[in-house]
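Asker: what shape does this take:
(2 chains)
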Protein chains: 2
Amino acid sequence: MNSIDVQAVEHIALGAALLGTGGGGDPHIGKLMALQAIKEYGPVSLIDPEEVPDDAVVVPTAMMGAPTVILEKIPSGEEIFRAFENLKSYLGKEIFATVPIEAGGVNSMIPIAVAARLGLPLVDCDGMGRAFPELQMLTFHLYGVSATPMVIADEKGNILILETINNNWTESLARSATVVMGGAVMISLYPLTGKQLKESGIKNIMSYSARIGKTIRNAWRSGEDPVKALLGVTGGIELFKGKVVDVLRRTEGGFARGDAHIEGIEDYKGETMTVKFQNENLIAMRGDRVVAMVPDLICIVNLETAIPITTEGLRYGHRVLVLGIPCDPKWRTPMGIETVGPRYFKYDFDYVPVEKLAGAGEK
Amino acid sequence: MNSIDVQAVEHIALGAALLGTGGGGDPHIGKLMALQAIKEYGPVSLIDPEEVPDDAVVVPTAMMGAPTVILEKIPSGEEIFRAFENLKSYLGKEIFATVPIEAGGVNSMIPIAVAARLGLPLVDCDGMGRAFPELQMLTFHLYGVSATPMVIADEKGNILILETINNNWTESLARSATVVMGGAVMISLYPLTGKQLKESGIKNIMSYSARIGKTIRNAWRSGEDPVKALLGVTGGIELFKGKVVDVLRRTEGGFARGDAHIEGIEDYKGETMTVKFQNENLIAMRGDRVVAMVPDLICIVNLETAIPITTEGLRYGHRVLVLGIPCDPKWRTPMGIETVGPRYFKYDFDYVPVEKLAGAGEK
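Answerer: Next up, the predicted model:
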């Protein structure tokens, strides 16, 4: 895949929503933004990280905030360009390309819209290989890339430029600004060189998202079981099947936090699963036993269609499959686990890979 | 007065603390910063606003935050220069001079330190003629000057640059950043031209502060009553004499808020006064009757020495004089009253000038 057209946007939107693990923004709004830009400006050139010169500058673009909010506060469409252009002029450098920071319904789509409108290539790479709730939770961070200079733009026209001493300060300051600015803002951050991107990025994330989306859609058309096709293309592990019986959620400190309770069906009858989330799904518990945890991916999809369900889309009565997908090896390093492992999110246990936990179960 | 030496700093610190109306920062720390800079770099040239060319750029420098915090979190001394230099390079212009935004123990002193170290003149002018708690509460604001671009610097090395759509957004965003950064930060904001400064500033504030301080000090030396001398030089109105019996305070949303209760002595025996503050003294009530209110100045001084007492310095047992001083006429316009009148601070009554309220009393 070397360009992104309308068809590819449909595939990527579907696949990235899965990798968003419940977060990464509402897929419908994200898709609209990307589709509109491609219809107006034409397809986007998707390049491999190896095609970026070592000394060229790449600038990621994204949304920040509680995904719950963006549903009520649709971006004007201009603020992401203001964020990008302000960072460009602050850096005083030519920007070679844009790139997503994470995979998700909105954050895989925004860089497509930016690339289309500005005529820039999009790099097939991101900084998470999934979605995470905080700004220091990027593989770029693990390799010492600074999140700043960073620009925040809201839909009213306010601009903030941050230059911080470390990426945890970036997260704290940007998070509180996001709350003051209404809960959802557009950001441009982690400017990096081609060399840094090749070293610290997670490669092929857009083409992987497209492959997942295409596989699900092909299954719909061919009559194959979409969930079986999904497990095949991702190498994901089936964790649970059930019916959503309760979702407790609160918007807190700029995040959508909560628990989803699922009652087992089929092989899981009589059992329950709890999925704990902070924008993204963090922990899956089958009864009292943790069966998957960050940084591994915990995805909830519709049991019939395999369509991913975001944490804010979860409703009573949904029949779902919960699957676990091993995260990128970059996250399984000591610094990766320290940055996004269960203890960072205040859970009192060590990280155990999902494939090991799945093997330990009785099923 | 055309230069500020060590002696002048002593006078200004004392007089500005009075005009700080309880806020504006701790006079001791502010004075130390200015004295150290003058000892190291020599006296500061104090110029009249008329000496600033119309198209020259003047950049105010100040501290922002709850004065209570700065007592525990002494500035490293570097952050104010980082704020100033960052704004200068962001503007990409030569800066002709610095200027205070308000009169107060810290905020009259910081621009002296900046001017000394950078070899810049200081303009004898400010944007309040007193102290106020919020960033849009400047006469610069009344004349349409934007508070941004604004730079915030903390002692750790973090920098924020704000470009907002209006000065109320500047206040909201800067206030929440100040809280995240620990409660007290250094700022550089409201860059203005000489023309704007002449039109919107409150003139002679440094020399007025110096005159107040000098008058009090002369009274100490000559054995004259310092409080009588103070009332003379300021044209202030005696509102109450008494003993502080209770101070309720809380640090809330980045502000030091509270009430001081004073029990009358001498002519006021049997009566009580309540002074309500938000960093600065806002409202003075004698019994149930409001006798002074923002934007007029409500100052509390030691009854024997006439030394001003800040809201965070108020303690049980202090014997004090409360005086009211009419504010600058720029504040008595409809927009002035809307910006800093009692209703802005959620008091349900209209502004009445202190000299009128004093005349209405039975005394």
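Asker: could you point out the longest helix in chain A?
Answerer: In chain A, with assignment by DSSP state H, the single longest helix is helix A:205-222.
Asker: now that helix: buried residues?
Answerer: Within helix A:205-222, the residues that count as buried by 16 or more other Cβ atoms under 10 Å in any protein chain shown are A:205-217, A:219. (Glycine included, C-beta is placed from N, CA and C.)
Asker: same thing with stretch A:44-64?
Answerer: A:44-47, A:49, A:51-52, A:56-64.
Asker: please save the CA atoms from that stretch in CSV.
Answerer: Taking Å, rounded to 0.1, in the frame of the first residue of the first chain, the C-alpha atoms of stretch A:44-64 are listed here in CSV:
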residue,chain,number,x,y,z
VAL,A,44,-2.4,10.7,0.5
SER,A,45,1.0,9.3,-0.2
LEU,A,46,1.9,6.6,2.4
ILE,A,47,5.7,6.2,2.8
ASP,A,48,7.9,3.8,4.7
PRO,A,49,10.0,5.2,7.6
GLU,A,50,13.0,4.2,5.5
GLU,A,51,12.0,6.7,2.9
VAL,A,52,12.4,9.6,5.4
PRO,A,53,15.9,11.2,5.2
ASP,A,54,17.7,10.9,8.5
ASP,A,55,17.8,14.7,9.0
ALA,A,56,14.3,15.5,7.8
VAL,A,57,11.8,16.7,10.4
VAL,A,58,8.5,14.7,10.9
VAL,A,59,5.7,16.2,13.0
PRO,A,60,3.0,14.1,14.5
THR,A,61,-0.6,15.4,14.7
ALA,A,62,-3.4,14.2,17.0
MET,A,63,-6.4,14.9,19.2
MET,A,64,-6.0,15.0,22.9
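Asker: and it, average pLDDT?
Answerer: Stretch A:44-64 shows a mean pLDDT of 97.
Asker: that one: how far from the chain's middle?
Answerer: Mean-position distance between stretch A:44-64 and its chain equals 17 Å (Cα atoms, centre = their mean, to the nearest Å).
Asker: please apply the same query to stretch A:191-204.
Answerer: Its chain's average C-alpha position is 17 Å from that of stretch A:191-204, according to Cα atoms, centre = their mean.
Asker: any weak-confidence spans in the stretch 201-350 of chain A?
Answerer: The stretch 201-350 of chain A contains no residues with pLDDT under 70.
Asker: 80 instead, please
Answerer: A:251-255 (pLDDT under 80).
Asker: nearest residue to A:Val294 in space, please, no chain neighbours.
Answerer: Nearest residue to A:Val294 in three dimensions, chain neighbours excluded: A:Leu282, at 5.0 Å (Cβ to Cβ, 6 or more residues apart in numbering or on different chains).
Asker: what's the local residue count around the one you found?
Answerer: 26 (other Cβ atoms under 10 Å in any protein chain shown).
Asker: residues contacting the residue located most distally from the centre of chain A?
Answerer: The C-alpha centroid of chain A is most remote from A:Gly270, which lies 32.4 Å away (Cα atoms, centre = their mean). If you count contacts by Cβ atoms under 8 Å, 6 or more residues apart in numbering or on different chains, A:Gly270 has them with A:Gly264.
Asker: which phi and psi values does it adopt?
Answerer: When read as degrees, to the nearest 10, the backbone of A:Gly270 gives phi 90, psi -10.
Asker: likewise for A:Glu263?
Answerer: Main-chain torsions, A:Glu263, degrees, to the nearest 10: phi -100, psi 130.
Asker: bridging residues for it?
Answerer: A:Lys243, A:Thr272 (DSSP bridges).
Asker: residue contacts, it?
Answerer: For A:Glu263, counting by Cβ under 8 Å, 6+ apart, the contacting residues are A:Gly242, A:Lys243, A:Val245, A:Thr272.
Asker: mark which of the residues you listed are buried, thanks.
Answerer: A:Gly242, A:Thr272.
Asker: max pairwise distance over the contacts of A:Glu263: which two?
Answerer: A:Lys243 and A:Thr272 (10.3 Å; Cβ to Cβ).
Asker: common neighbours of these two, please.
Answerer: By Cβ under 8 Å, 6+ apart, the residues touching both A:Lys243 and A:Thr272 are A:Ile262, A:Glu263.
Asker: coming back round to it: and the next element down the chain from the longest helix of chain A?
Answerer: helix A:226-234 (DSSP states H and E).
Asker: any idea of the angle that next one forms with helix A:205-222?
Answerer: 150 degrees (axes from the mean of the first three to the mean of the last three Cα atoms, to 10 degrees).
Asker: counting by contacts, list what helix A:226-234 packs against.
Answerer: Secondary-structure packing of helix A:226-234 (3 or more Cβ pairs under 8 Å, 6 or more residues apart in numbering or on different chains; DSSP states H and E): helix A:205-222, strand A:319-325.
Asker: if we use 6 Å, what do you get?
Answerer: Packing partners of helix A:226-234 (3 or more Cβ pairs under 6 Å, 6 or more residues apart in numbering or on different chains; DSSP states H and E): helix A:205-222.
Asker: CA-only coordinates of the helix it packs on, as PDB, when you get a sec.
Answerer: Output of helix A:205-222 as PDB, limited to C-alpha atoms (Å, rounded to 0.1, in the frame of the first residue of the first chain):
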ATOM      1  CA  ILE A 205       0.900   0.600  11.700                       C
ATOM      2  CA  MET A 206      -1.300   2.100   8.900                       C
ATOM      3  CA  SER A 207      -0.900  -0.800   6.600                       C
ATOM      4  CA  TYR A 208      -1.600  -3.200   9.500                       C
ATOM      5  CA  SER A 209      -4.700  -1.300  10.400                       C
ATOM      6  CA  ALA A 210      -5.800  -1.400   6.800                       C
ATOM      7  CA  ARG A 211      -5.200  -5.200   6.600                       C
ATOM      8  CA  ILE A 212      -7.300  -5.700   9.700                       C
ATOM      9  CA  GLY A 213     -10.200  -3.600   8.400                       C
ATOM     10  CA  LYS A 214     -10.100  -5.200   5.000                       C
ATOM     11  CA  THR A 215     -10.100  -8.700   6.500                       C
ATOM     12  CA  ILE A 216     -13.200  -7.900   8.500                       C
ATOM     13  CA  ARG A 217     -15.000  -6.400   5.500                       C
ATOM     14  CA  ASN A 218     -14.100  -9.300   3.300                       C
ATOM     15  CA  ALA A 219     -15.600 -11.700   5.800                       C
ATOM     16  CA  TRP A 220     -18.800  -9.700   5.800                       C
ATOM     17  CA  ARG A 221     -19.000 -10.000   2.100                       C
ATOM     18  CA  SER A 222     -18.000 -13.700   1.800                       C
END
